[in-house]
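1. Compute the structure for the input listed below.
(chains A, B and C)
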Amino acid sequence: MNITLPQWNRGLIFAAAVIVLLIVLPVIGLPLNWVLYLFLFFLYLAMANMWNLLAGYSGLISLCQAAFIGLAGYTLVILSWMGIPFYVGIIGGAIVAAIFALLISIPVFRLSGIYFAIGTLVVPEALRIIFLLWRPVGGGQEGLAGGGAGYVLKGATGVSMTELYWFALIIAVASVVFMRIILRSKLGLGLAAIRDNDSTAASSGVNVFRLKLSAFVIGALITGLAGAIFYIYQSYIEPISAFNIRWTMTLILATVIGGMRTEEGPIIGTIVVVILHFLLARYAGISLLIQGLILVIVMLVVPQGIMGYLRQFQVYRSLLQFVTRR
Amino acid sequence: MTWDIFTDLSAPIVMGLLLGGLYALIALGLSLVFGVMKLINVAHGDLVVLGSYLAYAAMTLLGFDPILSLVMGIPVLFLIGYGIQKFLMQRAFGISMEAPLLIAFGISLVIQNFAQIIWSPMSRGLNPSYAMETFNLGVIHLPVVYLLDFIAAIIVMLALREFLKRTYLGKAINAASQDNRAAQLMGINTERTYAFAFGIAMAITAIAGVFLGLTFPFTPQSGISFLVIAFGVVILGGLGNILGTFIGGMILGLAQTLGAYFFGAATQMLWVFLLVFILLAVRPQGIFGR
Amino acid sequence: MVSGFGYMVKMEKTHQEALLEVSGIDVFHGSFQALWDVSLSVRPGEIVALIGANSSGKSTLLNAISGIIHPTKGNIKCEGRDITQLDPFQIVGMGISQVPEGRRLFPGMSVLDNLIIGSYSGRARSNRKQNLERVYELFPRLEERKNQLAKTLSGGEQQMLALGRCLMSDPKLMLLDEMSLGLAPIVINELYKVLREIRERGITILFVEQNVRRSLEEAERAYIMKTGRVVLSGNVAELREEEEVKKAYFGI
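-> Numbering: from 1, shown residues only, chains lettered A, B, ... in the order given. Down below sits the predicted model:
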């Protein structure tokens, strides 16, 4: 893999400054509310980047991201009951998610485009039912919703919000860097070819199955990682919310609004989505309705997303040139 | 002693087979839309449940019998389907490969949330007097609704088949699905034809929704289960194959009833999902497919 | 006498408004320009040929006329009315019908159903019975096989069905795209014979034909295309003398 190290230019300096600022924020007294929203932003960003990798760049409209999040979360919680520290638990969760992705890839990759989407739609639903009935560590917590299938994270008080915030920030930055590298690598080019035309790519020697699988598993890994971190924060897990379609909706919206197939898209889109969640917090009952409507309208009116739209303008292009000069 | 097992099993088996009719009916709308426009409508399950809710509304607000309420339900869902195709999907086709899918996803959640706001997450059912009746088939007691489902399925499927074969619009739908461009060159307004096809699919879905509501309780979240079932039936039976759709429905129905019988009612959908998944892995073109 | 096919036309070619007038059109396939400033006209009752090598844009031109694809510059008029941006089904309604390349029958439908679908537009529907009889007169074999599925017919019969289907739409102008593709010479001869009968009923024909000699034999006028442009046009008699055309016997 040919990694070209970026030269220092204005944009990069700006990004570095922002990151330093973000690192320092919770320490210099940012209100907890904001820390929380930034925390969510980082996690969503990582997940949205992965969804962009799958749906935007590889043509795999995956509707099962919630499965990875939930599985990673459950792994984390179960491991906590067995006395294993969080740091290991998170990684365990990510690995479980990745393995699961590997397993379901066999049936699910035989399907193209639309079939794939439905195949993936089923998975979180099936997992929800399974975890409703299966008590991995015997006897859930009565009184929690989900008929006793919920679990509390053991030792949740051992981690501070600031630490979690930094974890999430690392993951988010890593995901952005990761996207940058991947898209310029052989893997990225191969995926672009596949998205364009499966059979043409195959006849040019691209190992279609293996590339898709790589993207899918990597996506699951990082999404699981982010999900597990979320559950450290939330400190309890139950099937109905772990495998809920809201996760999927959030990721799709973030990527679509920001601009599929752009690197900056998920960043912008996630900001919008977090703001949206903030605004809709009081209206939990209709939040999915509003999000659904927004999705439909955006797809019809601005399908290329904010970044895609901006790219059309000379002003933006000039700005880009300005920023990337040294 | 073996006869005991037979009689024990015979109830779930017969029920599974009859249930197949309902499932075939549910799948019919999805199959039509996919066959004609090559679009898998991920909102399909939610539209079926919407049909159930409309009948429920007619029952609770106006006191109508659910089957009779179809007089209103069919036109309403027809218009919804026509509108979705004409104003949303038609545009989506020209935007990108994934646009129709994402839009359908959005619609799906809108419908789910809408139903939840109006009718709450509590499970509902359509329970006119005859929904409780049972009848006897030999030693088995079966709910009457299962038989009604089966009969309704047969009637609707035959009606659809005749419609596609004999009417101008039916032939146009057929032609447009076989070769869009050639159909246009024959003077067929394919945009309008597609909208009609979607509308008809939704009209059938309205019927499916009513019979669904008579048979099972439903919640705003039920849609996905029925999407999976419809999808499974379409895969199993192959497209456009009426007999195949029926058989596919019966196989899934059996999976559900036998799964419930051996492993408990809480797991029944799981067996259906599992079967669909295995099918996808082993033979995505279906039993009758090419 | 008013016939079911076409419209009653006085065979005087003095003052005739062009049935089809294409003026300076550019057509793009995505970012690739397929037609450059193409103009063409067809008068009622004529038979005009479009000649050119494989990617010279002939099919694109026919598709532009039929409304499948729209020009970015220039316009297309039918009997004086602008049809440039109309949808295909509207253009059929105005009396211009195409027999597409490769026939594109509906394979799963019967011969009869294929013919009936041809008369879908409102105008043609009222004359359906008469038109069907005329089609059977021209192509008795189609009547014999009327309940067979279209995909079971031989190549020549399929072409006949495609022609018949087009006739069912009561056209004033028929666009034929590579009618002879993949057919044996005897069959091709028969088809052109039928084409002459169709013309006698007053239908105008614009056809694309790979075989240059055949085109010049059957047509009255012709347009020669090369890489998306019209390079030569005129009466067939004049064209036969042109150097370019003589080269075409060997070259194109």
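
2. who are the neighbours in contact with the closest residue to residue B:176 other than its chain neighbours?
-> Once flanking residues are discounted, residue B:176 sits nearest to residue B:183: 4.3 Å by CB to CB, 6 or more residues apart in numbering or on different chains. (C-beta placed from N, C-alpha, C; glycine too.) Contact analysis of residue B:183 by CB atoms under 8 Å, 6 or more residues apart in numbering or on different chains lists B:172, B:175, B:176, B:190, B:193, C:106, C:117.

3. Now do the contacts for the residue in the stretch 151-252 of chain C that chain A sits nearest to.
-> Nearest residue of the stretch 151-252 of chain C to chain A: residue C:151, at 24.6 Å (CB to the nearest CB). Residue C:151 makes contact with C:105, C:107, C:108, according to CB under 8 Å, 6+ apart.

4. Closest to residue B:267 out of those?
-> For the contacts of residue C:151, the residue nearest residue B:267 by CB to CB is residue C:108; the value is 41.2 Å.

5. what's that closest one sitting at in phi/psi?
-> Main-chain dihedrals, residue C:108, degrees, to the nearest 10: phi -90, psi 0.

6. State the number of residues packed around residue 159.
-> With no chain named, the answer covers chain A. Residues within reach of residue A:159, counting by other CB atoms under 10 Å in any protein chain shown, total 18.

7. my bad, chain B
-> Neighbours around residue B:159, by other CB under 10 Å: 11.

8. From residue B:170, how far out is it?
-> According to CB to CB, to the nearest Å, residue B:159 and residue B:170 sit 11 Å apart.

9. Below-threshold pLDDT in the stretch 201-326 of chain A: ranges please.
-> Counting by pLDDT under 70, the stretch 201-326 of chain A shows low-confidence ranges at A:201-206, A:314, A:316, A:323-326.

10. where do the strands sit along it?
-> For the stretch 201-326 of chain A, the strands defined by DSSP state E, counting those that start in this stretch cover A:236-237.

11. could you pull out the strands for the stretch 101-250 of chain B?
-> According to DSSP E, counting those that start in this stretch, the strands that the stretch 101-250 of chain B contains are B:134-137, B:140-143.

12. Point out the most buried one among those strands.
-> For the strands of the stretch 101-250 of chain B, the largest average neighbour count (mean count of other CB atoms under 10 Å in any protein chain shown) is found in strand B:140-143, namely a mean of 15.

13. need the residues of chain B near chain C, please.
-> Within reach of chain C by CB under 8 Å from any CB of the partner chain, chain B has these residues: B:168, B:171-172, B:174-175, B:178-179, B:181-191.

14. quick one: which of those sit in helices?
-> B:168, B:171-172, B:174-175, B:178, B:181-185, B:190-191 (DSSP state H).

15. any idea of the mean pLDDT in stretch A:183-200?
-> Taken as a whole, stretch A:183-200 has an average pLDDT of 72.

16. who wins for most neighbours among the contacts of residue C:151?
-> Highest count within the contacts of residue C:151 by other CB under 10 Å belongs to residue C:105, 24 neighbours.

17. contacting residues around it?
-> Residues near residue C:105 by CB under 8 Å, 6+ apart: B:182, C:114, C:150, C:151, C:158, C:161, C:162, C:165.

18. Can you lay out these as CSV showing pLDDT and distance to residue A:276?
-> Output for the contacts of residue C:105, formatted as CSV (pLDDT from 0 to 100; distance: CB to CB, whole Å):
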residue, pLDDT, distance to residue A:276
B:182, 90, 46
C:114, 92, 53
C:150, 90, 53
C:151, 88, 53
C:158, 92, 57
C:161, 93, 57
C:162, 93, 55
C:165, 92, 54
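
19. Pick out the most distant pair among these.
-> Pairwise distances across these (CB to CB) peak at 14.3 Å, for the pair C:151 and C:165.
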